[in-house]
Every structure is written in C-alpha cells, then in structure tokens.
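Enquirer: sequence and predicted structure, then a few things I'm wondering about:
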Amino acid sequence: MFARSMLPARDRAMLAQRSEVDMALGFARANQLARSFDVDAPGNPLRDAWDRLSRWPGGSRVFSRLVGMVAPYTGTIRARVTELRRGHSEVVMVDRHGLRNHLRSVHAVALANLAELTGNVALAYSMPDDARFIVAGMDLAYVKKARGTITGRCDCPVPETNERIEYAVPVTLHDATGDVVVRATLKTLVGPKRPRDARSERRDARNERSPEPSVSANKATINSLGEGT
C-alpha cells in the first residue's frame, strides 16, 4: 500500500491542508444539518446521518460534531462516535483538564455524560423509523478512578416497534488498559413520534422565538483554510 510518508514534504503538507479544508466543509455541513434536525421527522435521521457520513474520511468526527450540536450539553465532553451499528456503539472521550475533578481524574458527571451518549446513539440507531426515546433514569457504579482516554461501549436491546416500553440499556466505560471504570444502565423510554401537525406547530413556535443561527464563522474558517490551495 502506498504510504503518505513516501511523498515529498511539500505534497504531504498540501494533502494535510486539503484534509483540513474537507473537515471544515464537513463541520459547516454539520451545522446545517443540526439546525434542521428533528427527532420526529420521518425515518431515522440519526441512522441516516451516520450511514452517509461514516463512509468518508473524517466522517465520524463530523457526525460526532452533529450530535454535539443537536444536544449541546452532550457536546461539552467532545466525545467521538467511532463505531455504530444496530444494537452496538463505541464512543471515545479524550482526557483533558476541563473534564477533571479535584483528584485529577475524570469528573463523575463527564463520565455520566459519556455513558448516556454511548447508550443513546446505540439505541437511536437501532430504533424503528416511527419511534423516539427519552432517558427516564440512569444507574451508575464508579468502579475505578478514570484517567486518560475513556471508551464507552454499549450492546443494547433493539426495539422492533414504537410501542411505549422502558428499556434497560447497559453501558461500560473502559480506560486505555481495558479496565472498566464505570458500569451504567440507562432506563430509556421508547414511544411513538409526535404526529406531523404537532411537530409543525412546535417548530413554528421555536422559529418565532429565535432567529436562524449564522454560519459566517464556518465560512470564514473554510476561506482561511482554503487560501493558497
């Protein structure tokens, strides 16, 4: 296989810059998708987004950015979805100063956030097109102080209908050595989506309250990265 390291330094730099431009374009697209993302829309928008984006280099980062914009609090931990398929997910959170507690380990709430994200994307991807969900509760056991990169793993039940049922969604968080640092169970209520008329009324009310976000910052980023290419 041809290795990028075999290229001259100038060509490697050009490829790296092109990758940054492509990533910036992807993030701009994520911004657009996030503004129109609707959990009650026909189909399964989260599954569609992953299936479309994950095929491309950097697509999982763009998808993770999208999830973090749709659920802003979730986005604060800057986790990355690395694997997602029916009944399974893996999500990686890199350790950094902003996630730590007074003992210099990852804060309990950041770990809870990662556990919820890991379980939510697995279940959301696996649901039928006419269903949606909400987390009704969560049990966590902090087994070991968490330091370094933490990986969340979930193998969840797969709902076959939109019948109103509470599912137990198990999640484990692992450190870089493979040790379990947290065991969690999400109590997630699955049910039918809102009727179309109710969804339209809610969207109209939201649009009246807040103006459409600007994407000028993303355009500026793309323009600056594109200079000289």
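Expert: Right, received. Where do you want to start? A quick note: this is a predicted structure, and the numbers were derived from the prediction, not measured.
Enquirer: any stretches of the chain with poor pLDDT?
Expert: Residue ranges of the chain with pLDDT under 70: 1-37, 196-229.
Enquirer: show me where the chain has strands.
Expert: Under the criterion DSSP state E, the chain carries strands at the ranges 80-85, 88-93, 131-142, 150-155, 165-174, 180-192.
Enquirer: how about Gly152: what's its closest non-neighbour residue?
Expert: Thr118 (3.3 Å; Cβ to Cβ, 6 or more residues apart in numbering). (C-beta placed from N, C-alpha, C; glycine too.)
Enquirer: isn't the one you found right next to Arg153, touching?
Expert: Yes - applying Cβ atoms under 8 Å as the test, Thr118 and Arg153 come out as touching, 6.9 Å apart.
Enquirer: pick out whichever of the two has more residues nearby.
Expert: Between Thr118 and Arg153, counting by other Cβ atoms under 10 Å, Thr118 is the more crowded of the two (28 against 18).
Enquirer: list the contacts of the more buried one.
Expert: Applying Cβ atoms under 8 Å, 6 or more residues apart in numbering, we find Thr118 in contact with Ser89, Glu90, Val91, Gly152, Arg153, Cys154, Val171, Leu173.
Enquirer: now with 10 Å?
Expert: 79, 81, 89-93, 151-154, 156, 169, 171-173, 184, 186 (Cβ atoms under 10 Å, 6 or more residues apart in numbering).
Enquirer: roughly how far does it sit from Ala184?
Expert: Note on Thr118: its distance to Ala184, by Cβ to Cβ, to the nearest Å, is 8 Å.
Enquirer: now do the shared contacts for those two.
Expert: Gly152, Cys154, Val169, Val171, Thr172, Leu173.
Enquirer: just give me the closest of those to Gly68.
Expert: Gly152 (14.6 Å; Cβ to Cβ).
Enquirer: so the closest one makes contact with Val106?
Expert: No - Gly152 is beyond contact range of Val106, at 12.0 Å (criterion: Cβ atoms under 10 Å).
Enquirer: list the residues that contact both of these two?
Expert: Met93, Leu114, Leu173, Val182.
Enquirer: ok, so of these, who is nearest Leu53?
Expert: Among the shared contacts of Gly152 and Val106, and counting by Cβ to Cβ, the member closest to Leu53 is Met93, at 19.5 Å.
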